[in-house]
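S.K.: coords below, sequence missing:
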């Protein structure tokens with residue numbers, strides 16, 4: 001068992017690969033993660049929205065934050081309200097979790113978050129019948145600069161590019177899709193017979209050290225940051241939400257709000273927002 005209580009990955013030689021993975025002709029073996037899994041981000045977000053609505057949470061889709069109203073407080077400043085296109089939204093705690101727009105939200109509040117968009121393109125195909133066993137196996141495969149993710153509805157996802165130079169552009173480009181298709185066929189030649197379904201592009205929130213930013217917003221006593229999860233946002237969201245709820249709540253654990261237990265403080269140290277301010281003053 002690893003420190004996290006999960007089973008460690010296991011190396012499988014070519015002759016030990018299960019039948020649904022033996023379809024890869026050039027594979028010498030595979031590193032198998034017994035605890036691995038995958039989720040459909042679109043279905044997950046739809047389910048989350050439905051659950052929030054059913055629990056009575058007020059959702060404001062399509063609303064833009066134009067600024068903040070704050071006031072002095074012991075130990076810093078206190079955010080009072082978000083100034084939005086739907087008017088003022090007041091709260092006791094605020095969480096800046098705006099994805100690639102977190103840098104803008106922070107700048108409006110008067111501090112800096114080095115979160116930048118990194119464009120990624122992905123495609124979906126209908127694989128040929130000869131790959132049915134691989135799709136049924138539901139095991140994502142990474143190799144040769146590309147990943148293949150079978151879905152339960154029979155689709156196969158092929159991804160994904162990393163295009164930091166693209167800024168906020170979310171257009172689909174032939175070059176990127178062509179590179180993905182070529183890499184996928186090199187990994188699994190039978191995909192030459194796959195039928196085209198769709199392509200999508202999105203923006204990942206990247207950070208200079210490629211680690212998330214989680215913790216107290218610099219200078220504020222009632223604001224937290226949950227940003228920069230890059231390519232793993234949908235996977236790290238449940239744990240991040242638990243951490244943020246703990247930091248906001250306090251009462252359930254007998255702590256004052258915003259105060260971290262010792263173990264959490266140690267684990268969150270590499271993720272704190274102020275690490276960039278420290279590094280900028282000491283880096284050569």
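M.R.: Yep, it's here. Since this is a predicted model, take the numbers as computed values, not measurements.

S.K.: give the contact list for residue 29.
M.R.: Contacts for residue 29 (C-beta atoms under 8 Å, 6 or more residues apart in numbering) come out as 11, 12, 13, 14, 16, 17. All C-beta atoms are positioned from the backbone trio N, CA, C, and that covers glycine.

S.K.: In this protein, what residue spans correspond to strands?
M.R.: Using DSSP state E, the strands of the chain run over 10-13, 29-32, 65-73, 76-84, 87-90, 94-96, 116-126, 141-143, 146-150, 156-159, 195-206, 213-216, 223-227.

S.K.: from these, which stretch is densest packed?
M.R.: Greatest average neighbour count among those goes to strand 223-227 (a mean of 26), per mean count of other C-beta atoms under 10 Å.

S.K.: If I take it and strand 76-84, what angle do their directions form?
M.R.: Relative orientation of strand 223-227 versus strand 76-84 (axes from the mean of the first three to the mean of the last three C-alpha atoms, to 10 degrees): 60 degrees.

S.K.: quick one: strand 223-227 to chain centroid distance?
M.R.: Counting by C-alpha atoms, centre = their mean, to the nearest Å, strand 223-227 is centred 14 Å from the centre of its parent chain.

S.K.: swap in stretch 132-149?
M.R.: With C-alpha atoms, centre = their mean, you get 20 Å for stretch 132-149.

S.K.: can you list the residues that contact it?
M.R.: Contacts of stretch 132-149 with the rest of the structure, by C-beta under 8 Å, 6+ apart, involve 18-21, 23-24, 27, 30, 36, 38, 127, 150-152, 154, 156-160, 180, 183-184, 186-188.

S.K.: Please, a PyMOL command that selects the buried ones among the residues you listed?
M.R.: Buried members of the contacts of stretch 132-149, defined by 16 or more other C-beta atoms under 10 Å, are picked up in PyMOL with:
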select buried, resi 20+21+23+24+27+30+127+150+156+157+158+159+160+180+183+184+187+188
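
S.K.: Just the ones of the contacts of stretch 132-149 in helices?
M.R.: Members of the contacts of stretch 132-149 lying in helices (criterion: DSSP state H): 180, 183, 184, 186, 187.

S.K.: Rank the helices and strands of this structure by mean pLDDT and give me the bottom one.
M.R.: helix 275-282 (a mean of 58; mean pLDDT, DSSP states H and E).

S.K.: rewinding a little: save the strands of the chain as JSON lines, and put in mean pLDDT too.
M.R.: Shown next, in JSON lines, are the strands of the chain (pLDDT from 0 to 100):
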{"stretch": "strand 10-13", "mean pLDDT": "95"}
{"stretch": "strand 29-32", "mean pLDDT": "92"}
{"stretch": "strand 65-73", "mean pLDDT": "97"}
{"stretch": "strand 76-84", "mean pLDDT": "98"}
{"stretch": "strand 87-90", "mean pLDDT": "96"}
{"stretch": "strand 94-96", "mean pLDDT": "97"}
{"stretch": "strand 116-126", "mean pLDDT": "98"}
{"stretch": "strand 141-143", "mean pLDDT": "93"}
{"stretch": "strand 146-150", "mean pLDDT": "96"}
{"stretch": "strand 156-159", "mean pLDDT": "97"}
{"stretch": "strand 195-206", "mean pLDDT": "97"}
{"stretch": "strand 213-216", "mean pLDDT": "95"}
{"stretch": "strand 223-227", "mean pLDDT": "97"}
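
S.K.: and residue 267, which of the ones you listed is closest to it?
M.R.: Comparing those against residue 267 with C-beta to C-beta, the closest turns out to be strand 213-216 (9.7 Å).

S.K.: Report all helices and strands that that closest one contacts.
M.R.: The contact analysis (3 or more C-beta pairs under 8 Å, 6 or more residues apart in numbering; DSSP states H and E) places strand 213-216 against strand 223-227, helix 233-249.

S.K.: ok, that strand: who's next to it in the sheet?
M.R.: Within its sheet, and counting by DSSP bridges, strand 213-216 is paired with strand 223-227 (antiparallel).

S.K.: Many thanks, I have nothing further to ask.
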